[in-house]
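**Q** Quick one, fold the following:
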Amino acid sequence: MKVRHHLFTILLAGLLSVLLLTGQPAAALLGSQVSAAQEPVYLLENGVIQVAVSTRNGGFSVRTHDGDLLNKADDNKRLLYHSDWYDTSFTSFEVTDHTGAVKEYVFGGNYSFLGLGGNNLTVTQDTTGISAAWSVGQLTFTQRIELANAGASEHGMVYLSYGLVNHGSHPVSARARVLLDTALGDQDYATYEVVNAANTYRRVTRETVIGTDDYIPANFFGYDDLNAPSITSYTVNDAQSKPYQVAFGHWNNLAATCFGFAPDASLDFTNPYNLDYQTADSAYALYYDMGQATAGAASASV
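**A** Have a look, this model is predicted:
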């Protein structure tokens, strides 16, 4: 069982984009539709994929409808873990101000105890997606979730992006971490395969961090069973804003941190008998350098 963590710290400057593909590519993408589910959740769906977004904290989950049209085994399956609080997948930010002081924040969090305002979250929907705006101090972060359009090459893709506006009187620089809590159907973990510089595959089942010195993959895959996969998900990094680091780990270890993460190379997150948690549970985190957001309601972009 997962234990919810309430983490605090961060800021995001600019725009980052993550393409998260749920399920195998579908032969055709149906017209997208946004609908309000029973509050406090909005739904974004197109007959292939469904995204649910919480109006309380902006958290989200992803599941298939039909998935791969040639593979009925992946119909109506989770691709990200779902909790009633929508807080096991989350985005956090590391913000450095003009004095060099560093703070961390989790998108949608309540920082009233620091005198930085309450939740201050607004979630809206339109015909193409769901937007969430969240403020902390003099910073406003935005989250946008859409589905790839019918003309896109990545059918069945969820498109996730973030932006920042700095209303303060001094510039800030920021980095972002997008933590995605993998689930494949009822299985709460995946075996990952990462494409390396030689265009070969590296299997990842133990906690690890891949940085620029190791070659950041353009995409990677998650399988419920490498020998006979029935559900496959994969992530494609936007060519214009690739992460500088990717971390794979047991969810408990990754979620216990807001930004920094020290992997335990001995921990196999696919082993339900691991000594640390006695559960198989995986997640991964994408790290982005968002650059600088200048002062006076200015935004930065990447």
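**Q** For the stretch 51-200 of the chain, give me the ranges with low pLDDT.
**A** 66-75, 149-155 (pLDDT under 70).
**Q** where do the strands sit along it?
**A** Taking DSSP state E, counting those that start in this stretch, the strands of the stretch 51-200 of the chain run over residues 60-64, 90-96, 102-106, 121-125, 129-136, 139-147, 157-166, 172-180, 191-195.
**Q** Strand partners (parallel or antiparallel) of the third one?
**A** The partner list of strand 102-106 in its sheet, established with DSSP bridges, is strand 90-96 (antiparallel).
**Q** between the partner strand and strand 157-166, how big is the angle?
**A** Calculated by axes from the mean of the first three to the mean of the last three CA atoms, to 10 degrees, strand 90-96 forms an angle of 30 degrees with strand 157-166.
**Q** quick revisit: of the strands of the stretch 51-200 of the chain, which is nearest Gly115?
**A** Closest approach to Gly115 among the strands of the stretch 51-200 of the chain (CB to CB): strand 129-136, 10.7 Å. (Each C-beta comes from the backbone N, C-alpha and C, glycine too.)
**Q** Next, the angle strand 157-166 makes with that closest one.
**A** Using the same axes, to 10 degrees: strand 129-136 against strand 157-166 is 30 degrees.
**Q** strand partners of strand 129-136, parallel vs antiparallel please.
**A** By DSSP bridges, strand 129-136 pairs with strand 121-125 (antiparallel), strand 139-147 (antiparallel).
**Q** ranking the ones you listed by burial, who's on top?
**A** Most buried of the strands paired with strand 129-136, by mean neighbour count (mean count of other CB atoms under 10 Å): strand 139-147, with a mean of 22.
**Q** Turn the strands of the stretch 51-200 of the chain into TSV, columns for distance to Ser266.
**A** What follows is the strands of the stretch 51-200 of the chain, written out as TSV (distance: least, CB to CB, whole Å):
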stretch	distance to Ser266
strand 60-64	30
strand 90-96	26
strand 102-106	27
strand 121-125	39
strand 129-136	37
strand 139-147	35
strand 157-166	32
strand 172-180	21
strand 191-195	17
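**Q** between those, which one is nearest to Ser112?
**A** Once the strands of the stretch 51-200 of the chain are compared by CB to CB, strand 129-136 is nearest, at 10.0 Å.
**Q** Mind naming the longest strand for this structure?
**A** strand 282-293 (DSSP state E).
**Q** Show me what that one is packed against.
**A** Here strand 282-293 touches strand 16-21, strand 157-166, strand 172-180, strand 232-237, strand 245-250, helix 251-255, going by 3 or more CB pairs under 8 Å, 6 or more residues apart in numbering; DSSP states H and E.
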